[in-house]
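**Student:** A structural model of the following input is requested.
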Amino acid sequence: MKPDKSGNIWVKFVGIFSRYTSMIHHYYQHIGSRKIRKTWWRKLLILLIVLGTIISLWVFWYLRSQALEKRKETLANMCDERARMLQDQFNVSMNHVQAMSILISTFHHAKNHSAIDQETFAKYTERTAFERPLTSGVAYAVRVLHSEREQFEKQQGWTIKKMTPVSKDKYNPAELEPSPIQPEYAPVIFAQDTVAHVISLDMLTGKEDRENVLRARALGKGVLTAPLDLIKSNRLGVILTFAVYNRDLPCNATPEERIRATDGYLGGVFDIRSLVEKLLQQLASKQTIYVNVFDTTNISNPISMYGTEVLDTGLQHVSPLSFGDPSRKHEMRCRFKQKPPWQVLAISISIGIFVITLLVGHIIHATVNRIAKVEDDFHEMSELKKHAEDADLAKSQFLATVSHEIRTPMNGVLEFNSQVFLFLFSQNKGMLDMLMDTVLDVTQQDYVRTAQASGKALVSLINAVLDQAKIESGKLELEAVRFELRTILDDVLSLFAGKSQEKGIELAAYVSEKVSETLVGDPGRFRQIITNLMGNSIKFTEKGHIFVTVHLFEEVMESIDVETESSSKHTLSGLPVAHRNRSREGFRPVVGPSESITLIVSVEDTGVGIPLDAQPRIFTPFMQVGPSISRIHGGTGIGLSISKCLVNLMNGEIWFNSIPKIGSTFSFTAVFSNPKEQQINGHIKSKSLFYNMLAIVVDPKPIRAEVSKYHIQRLGMHVKIVPSLTGMLSLLTKSQTVHLVLVEEEVWDQDLSNSLVFVYKLRNLDLKIPPKLFLLTNSIGGSRQSNGVTSPPVITKPLRVSMLAGSLQRTMGGNKDNARNGEIPKLSLSKLLIGRKILVVDDNIVNLRVAAGALKKYGAEVVCADSGRKAISLLEPPHSFDACFMDIQMPEMDGFEATQKIREMERTINSHISNWHVPILAMTADVIQATHEECSKYGMDGYVSKPFEANQLYQEVSRFFL
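**Tutor:** As a prediction, this is how the structure comes out:
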């Protein structure tokens, strides 16, 4: 019985221990899986690291600021010490020169027989030179009237000479000209040996000396000249002048009394460079700072008296100098010769604090998670194994699903649907922009900007990932719809216009006249390829140009063997490029149906180029040139790989030619179909306002001129190119009428005087219809003036047909009230539009919201209608609407037809009630077709172009309410 009893006890003990161990394990596993263990500890660690980082940065800032303040104080003390010493020694010299003027008055003019002659004066000044530490010489000029000149010259034995500055080697007193006849003279009769060459020179014949002498005798004080070149030495110096009077004058003596009592003038010559160098040599630390002395009497144009231009080494201290003449101002500017040293102490202490913070956080993190990690290792490894086995098969489907699910709500956050999001890219004012126009504080405005930028970046990234997933899964298919190639290129140029204008680089597109106007293919994917390539170019190009060209495959490949190198003179901006033919050498012709055509597209830039070692992997997904590229410019590295896959789907090829520090050129081919009904050469569908007009492009660069010609011809105009303004004038004198003159900004700014002469001649030509003058520029700027003449209206590149037509129409007859970019003061608009009832008609809900929001902001009452039929019912007289904005292209009934019916109703009721007319303005994206004649034909009062800004709406409405 005992063994059995002991065995039962042992079994019970093992059972109890097992149940207890199981309970501890279950309890710990339950607690370990809760968010409180993971989330709160993670937040605590993040808080600790952030706090340590803030402390380390504060310590670095504090120590650095202390060192900087100490450096500033040291520089200020050293500069002030030198300024004070220079000023004290100058005052000593000035006092001694003043004492000498009294001595001369006493012993030369007060005696019947002068006790001073040249020898005595020279010896005395030489022996007392130590009392004038900053003067390089002293001279005395006596006042001689014209009536006394002949007797004076006989007495002295020499002729009064005219002061003529010459070089040291050519100076000869005997060759100097006699002083010209004038009411009085101031010849030097006594001079220290160092300046004895000035004896007999008339001080009144020198410009600076004359002004100094006249001021000194009128004021009765010492006066200084501006820095001037000293005679014979040609070194920079100043002259201190005191008037010598023949009697004592009261303190309140008038200038006339002082002039009458003047006997002569005593001047002290200061050689600035040698004197300041002597001063600095007395200081032991003279090698640690640069010293510059300036005459700042004219603060806008200070004169350097000592020192040279030095590189900016950071700090600068300015010490004022007073040399006794209140009318002249001087200052001393000091800089350290070396840049501030690295703040080793501050850096090491701050890094040490940060490292300690990281170590403490790591220890806490390791301590808290060690037990949980051991418990979860087995389960985690099992899950990882399972995920690893399924990851390769599920990756594409997972990416596609997740990208779609994230993109849908993200688009809703931005504009409620993808259509609104696309509208935001083409509109300067969208929903988030309209939210910015509401009353928001600074924090809310920042949130809105962040939401807008982050949303666009996120959707763009998700779209790229989704495309990559579709490509890898083989589910990406191309559409086959009609589209206009040139319109797509205009849209892409508009997308990058702001960035190119900000950088000041040329951005342009050119489509060969042999390429059909309308093609059949996938416009969205074609746009995506162009956008990817141009996005990379705009990202890596800081100067020069980005140039997109489209040609037929046949016309390009025939020229490859003829030309293999390009000159920088034959490029868009004049900078060398990576030749595009090198990027096309391996392309092969594509054999397809008879109605198919093959296009070859090139995107050329003058950016940094691609390093040679990175070129082999440029089309590899998620691969970039180097870590610094993604850190500086951003991006995921899948844009080029997606573009290559899309080109392959279009039965084309893509390749590139890149030269580091020169630029890159990407070229690709794509196969499209020709529709049965076709228009060639990119001509517009109907005659525009500019049809058959003659335009002259003034541009010396042939490629850039051809690009401008291409865009202007799209408006139906004839274009001629001349390289200069001179050649332009010869064309204007002929019998042919010139309607427009477009001058490249480079030509206009190269010689503004020549440009102003051109404007003057242009205005004075006897022409029935004077041509309109425009300026083509790469950057946004206001009107400029030169010699009172305002520069011509500016058309900002890149050129697009809609932008070009709108700019020309505004100048040549549309929107005459446009005072400055169409802006109208908000206060006057509020008074103008408040209480006005306006009808907006558009089948697009986004357009309705933008237009309504823009008008409501200024107090207008807005009613929206989504069809022409609803507009007719709302505008049936009598009604209370003050104006109507009507979209032209709407289903069922377009804007023209709806306007005609409204005008018919008004004519019917006007037979009984006169003057019933509601202003109707067209809203359209086709600014070429929507001319004033076209709108007037159907009874409309004007039009605004889409995409539009709110100011366009306000300005058109104000024409009817003013």
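**Student:** alpha carbons only for contacts and neighbour counts from here, please
**Tutor:** Will do.
**Student:** can you pull out the strands in the stretch 151-300 of the chain?
**Tutor:** Assigned by DSSP state E, counting those that start in this stretch, the stretch 151-300 of the chain shows strands spanning 161-162, 184-185, 188-191, 201-202, 223-224, 228-229, 236-245, 262-271, 289-295.
**Student:** looking at those, spot the one closest to residue 702.
**Tutor:** The closest of the strands of the stretch 151-300 of the chain to residue 702 is strand 289-295. By CA to CA, the value is 50.0 Å.
**Student:** strand partners of the next helix or strand after that closest one, parallel vs antiparallel please.
**Tutor:** Past strand 289-295, heading to the C-terminal end, the next element that is a helix or strand (DSSP states H and E) is strand 303-306. Paired neighbours of strand 303-306 in the sheet (DSSP bridges): strand 289-295 (antiparallel).
**Student:** average pLDDT for the strand it pairs with?
**Tutor:** Model confidence over strand 289-295 averages 86 on the pLDDT scale.
**Student:** got it, and stretch 366-373?
**Tutor:** Model confidence over stretch 366-373, given as mean pLDDT, is 75.
**Student:** from residue 59, how far out is residue 345?
**Tutor:** Applying CA to CA, to the nearest Å, one obtains 10 Å for the distance of residue 345 from residue 59.
**Student:** of the two, which one has the most company?
**Tutor:** Taking residue 345 and residue 59 together and counting by other CA atoms under 10 Å, residue 59 has the greater number of neighbours (18 against 12).
**Student:** so of the strands of the stretch 151-300 of the chain, which one's packed in deepest?
**Tutor:** Comparing the strands of the stretch 151-300 of the chain by mean neighbour count (mean count of other CA atoms under 10 Å), strand 201-202 ranks first with a mean of 28.
**Student:** now what about that one, what contacts it?
**Tutor:** Counting by CA atoms under 8 Å, 6 or more residues apart in numbering, the neighbours of strand 201-202 from elsewhere in the structure are 141, 160, 161, 162, 163, 179, 185, 186, 187, 188.
**Student:** out of these, flag the one nearest to residue 468.
**Tutor:** Nearest to residue 468 among the contacts of strand 201-202: residue 163, at 85.7 Å, using CA to CA.
**Student:** that closest one: neighbour count?
**Tutor:** Other residues within reach of residue 163 by the criterion other CA under 10 Å amount to 23.
**Student:** sort the contacts of strand 201-202 by pLDDT and name the bottom one.
**Tutor:** Comparing pLDDT over the contacts of strand 201-202, residue 163 scores lowest. The value there is 82.
**Student:** that residue and residue 205 touch, don't they?
**Tutor:** Yes: counting by CA atoms under 8 Å, residue 163 touches residue 205, with 5.7 Å between them.
**Student:** quick one: common contacting residues for these two?
**Tutor:** For the pair residue 163 and residue 205, residues contacting each of them under the criterion CA under 8 Å, 6+ apart are residue 179.
**Student:** would you state the helices of the stretch 701-850 of the chain in chain order?
**Tutor:** In chain order, the stretch 701-850 of the chain shows helices spanning 702-713, 725-732, 745-750, 752-764, 801-812, 826-833, 845-856, with DSSP state H, counting those that start in this stretch as the criterion.
**Student:** switch these over to JSON lines; also include distance to residue 526.
**Tutor:** Written out in JSON lines, the entries for the helices of the stretch 701-850 of the chain read as follows (distance: least, CA to CA, whole Å):
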{"stretch": "helix 702-713", "distance to residue 526": "21"}
{"stretch": "helix 725-732", "distance to residue 526": "40"}
{"stretch": "helix 745-750", "distance to residue 526": "33"}
{"stretch": "helix 752-764", "distance to residue 526": "43"}
{"stretch": "helix 801-812", "distance to residue 526": "20"}
{"stretch": "helix 826-833", "distance to residue 526": "42"}
{"stretch": "helix 845-856", "distance to residue 526": "25"}
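**Student:** what's the least confident stretch among the ones you listed?
**Tutor:** The stretch with the lowest mean pLDDT among those is helix 826-833, at a mean of 61.
**Student:** how about CSV for the strands of the stretch 151-300 of the chain, with distance to residue 944 added?
**Tutor:** As requested, those are exported to CSV (distance: least, CA to CA, whole Å):
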stretch, distance to residue 944
strand 161-162, 76
strand 184-185, 78
strand 188-191, 82
strand 201-202, 77
strand 223-224, 68
strand 228-229, 65
strand 236-245, 67
strand 262-271, 72
strand 289-295, 59
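**Student:** weakest of those in terms of mean pLDDT?
**Tutor:** Among the strands of the stretch 151-300 of the chain, strand 228-229 has the lowest mean pLDDT, at a mean of 80.
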